[in-house]
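Visitor: just the structure for this:
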Amino acid sequence: MEHIIAFLLLLSTFLLPSSSHHYTALFHFGDSMSDTGNVRIGRLPYGMTFFGRATGRCSDGRLVIDFIAQDLGFPLLPPSNERESNFSKGANFAWVAATTLGFDFFNERGLSKGLWVNASVYVQVDRFEKLLPSICGAPQDCKDCLGKSLFIVGEFGGNDYSTALFFGRSIDEVTTFVPHVVHAISDGVERLIGLGAVDIIVPGLLPVGCFPLYLTNYHTQDTEDYGHKTGCARRYNALSWLHNAQLRRSLDDLHRKYPTISLRYADYYSQIFDFVINPLKYGFTAGALRTCCGNGGGLYNYDQGRRCNDKGYTVCENRSTHVSWDGIHMTEAAHRVIANGWLYGPYVNPPILANSSRT
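Guide: Predicted coordinates for the structure are as follows:
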């Protein structure tokens, strides 16, 4: 009997998902969906659910990257601009309001006034490369370290498109940005591969037509502009869908070029769509389209001129029942569900915890 139990225990080590501790570090790049403090903006109620204070995170609590770090056994990733931090277990290079493309692209199109940070994907990867000696030492040591690390690159693109949309540019003009944005993401990923990254996840865009900000600011009276099942704005979701389709093709091209690299797509779009169509499945009894922290009342509780933490704001009674935190960013509860979809599937394939056996 003892031999049978021993055999079953041994067998279980092969059948269960790989242990997360085999990653030596975790590195992240992106925008406000994942900035953990590089841009110190905001005040309470931001951060109220988990931290009890504002940390720079655009949510009431933890972000997707926080849950992934915790489930992989890492501390919460320190922002890359915290000079006194220890980055041996990873760092977060994401910045609030970061675009994928650089200043010149927007300046040539008369849109540079809409930018207030210089944190394109090129700049973030450049910062990472400059920080490498303090992370892992000599080039060969870094190759070894990065080969055992997990990289998450994105999401990127949302701010590139919104910069133009918020300045009144048409959706048709903004659609022409997509190949430039996707090419920049691909270039950033390829630079990381050149530095030694071998396990990379690249998230696509969320369906921005389901965000209270877009639903409020670009509201029309034409019912055909909205999905019959979702209530989301069709043409803005079409922009996200186009971006994601081109991004996946670009990642396929990179995988053919680097067949030994693990390069996976994280499907934000389908996951958020499921929140909208099946909110009760996840405990979102308030639905997915109404803002938790807001100042506007109305259908979506969003007012562009009086947003979350502006004078007179209110916070919903039960934050765990909401997807949207402030009209464009999500609640900790939503981030937890999304992280589970990446860690255990099906929204990253293979899931992170099924592919973390590097030693």
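Visitor: any low-confidence regions in the stretch 1-150 of the chain?
Guide: 1-21 (pLDDT under 70).
Visitor: what ranges do the strands span in the chain?
Guide: Remark: strands assigned in the chain by DSSP state E are 25-29, 90-92, 149-153, 199-203, 262-266, 293-294, 314-315.
Visitor: would you list those strands in TSV and tack on distance to T321?
Guide: Glycine gets a C-beta too; all of them are placed from N, C-alpha and C. Converted to TSV, those look like this (distance: least, CB to CB, whole Å):
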stretch	distance to T321
strand 25-29	28
strand 90-92	28
strand 149-153	27
strand 199-203	25
strand 262-266	25
strand 293-294	13
strand 314-315	12
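Visitor: mean neighbour count added to those, as a markdown table?
Guide: What follows is these, written out as a markdown table (neighbours: other CB atoms under 10 Å):
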| stretch | mean neighbour count |
| --- | --- |
| strand 25-29 | 25 |
| strand 90-92 | 27 |
| strand 149-153 | 26 |
| strand 199-203 | 23 |
| strand 262-266 | 20 |
| strand 293-294 | 26 |
| strand 314-315 | 16 |
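Visitor: can you say which of these is nearest to F128?
Guide: strand 25-29 (6.7 Å; CB to CB).
Visitor: that closest one pairs with which strands?
Guide: Strand 25-29 sits in its sheet next to strand 90-92 (parallel), strand 149-153 (parallel), going by DSSP bridges.
Visitor: ok, and what's touching that strand?
Guide: With contacts defined as CB atoms under 8 Å, 6 or more residues apart in numbering, strand 25-29 is touched by 34, 65, 68-69, 72, 74, 77, 88-94, 121, 124-125, 128, 135, 145-146, 148-154, 156, 188.
Visitor: at 7 Å what do you get?
Guide: 34, 65, 69, 72, 74, 77, 88-94, 121, 124-125, 128, 145, 149-154 (CB atoms under 7 Å, 6 or more residues apart in numbering).
Visitor: swap in stretch 101-110?
Guide: With CB under 7 Å, 6+ apart, stretch 101-110 has contacts from S112, G114, L115, N118, S120, Y122, D160, T163, H180, V181, A184.
Visitor: as JSON lines, those with distance to E84 would be great.
Guide: Below are the contacts of stretch 101-110 laid out as JSON lines (distance: CB to CB, whole Å):
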{"residue": "S112", "distance to E84": "33"}
{"residue": "G114", "distance to E84": "33"}
{"residue": "L115", "distance to E84": "29"}
{"residue": "N118", "distance to E84": "23"}
{"residue": "S120", "distance to E84": "26"}
{"residue": "Y122", "distance to E84": "26"}
{"residue": "D160", "distance to E84": "32"}
{"residue": "T163", "distance to E84": "33"}
{"residue": "H180", "distance to E84": "37"}
{"residue": "V181", "distance to E84": "34"}
{"residue": "A184", "distance to E84": "31"}
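Visitor: near the closest residue to N118 other than its chain neighbours, how many other residues are there?
Guide: Computed as CB to CB, 6 or more residues apart in numbering, the closest residue to N118 that is not its neighbour in sequence is F103, at 6.5 Å. Neighbours of F103 under the rule other CB atoms under 10 Å: 14.
Visitor: the one 5 residues further on now?
Guide: Using other CB under 10 Å, E108 has 9 other residues around it.
Visitor: check P139 too.
Guide: Count around P139 with other CB under 10 Å applied: 12.
Visitor: let's number from 19 now, not from 1
Guide: Yes, from this point I'll number from 19; that puts the last item at P157.
Visitor: which stretches of the stretch 269-377 of the chain have low pLDDT?
Guide: For the stretch 269-377 of the chain, the stretches with pLDDT under 70 are 373-377.
Visitor: try it again with 80
Guide: 305, 315, 372-377 (pLDDT under 80).
Visitor: that one: helices as residue ranges?
Guide: When assigned using DSSP state H, counting those that start in this stretch, the helices of the stretch 269-377 of the chain occupy the ranges 286-295, 350-361.
Visitor: using JSON lines, lay out those helices together with distance to K275 and mean neighbour count.
Guide: What follows is the helices of the stretch 269-377 of the chain, written out as JSON lines (distance: least, CB to CB, whole Å; neighbours: other CB atoms under 10 Å):
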{"stretch": "helix 286-295", "distance to K275": "25", "mean neighbour count": "20"}
{"stretch": "helix 350-361", "distance to K275": "24", "mean neighbour count": "23"}
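Visitor: mind checking how far Y254 is from V341?
Guide: Going from Y254 to V341 by CB to CB, to the nearest Å gives 17 Å.
Visitor: can you list the helices of the stretch 269-377 of the chain in a markdown table and add distance to C250?
Guide: Formatted as a markdown table, the helices of the stretch 269-377 of the chain follow (distance: least, CB to CB, whole Å):
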| stretch | distance to C250 |
| --- | --- |
| helix 286-295 | 6 |
| helix 350-361 | 15 |
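Visitor: for F69, find the nearest of those helices.
Guide: helix 350-361 (9.9 Å).
Visitor: now the residue positioned nearest the centre of the chain: how far from L265?
Guide: When the chain is reduced to its mean C-alpha position, the nearest residue by CA atoms, centre = their mean turns out to be E173, at 4.3 Å. With distances taken as CB to CB, E173 is found 10 Å from L265.
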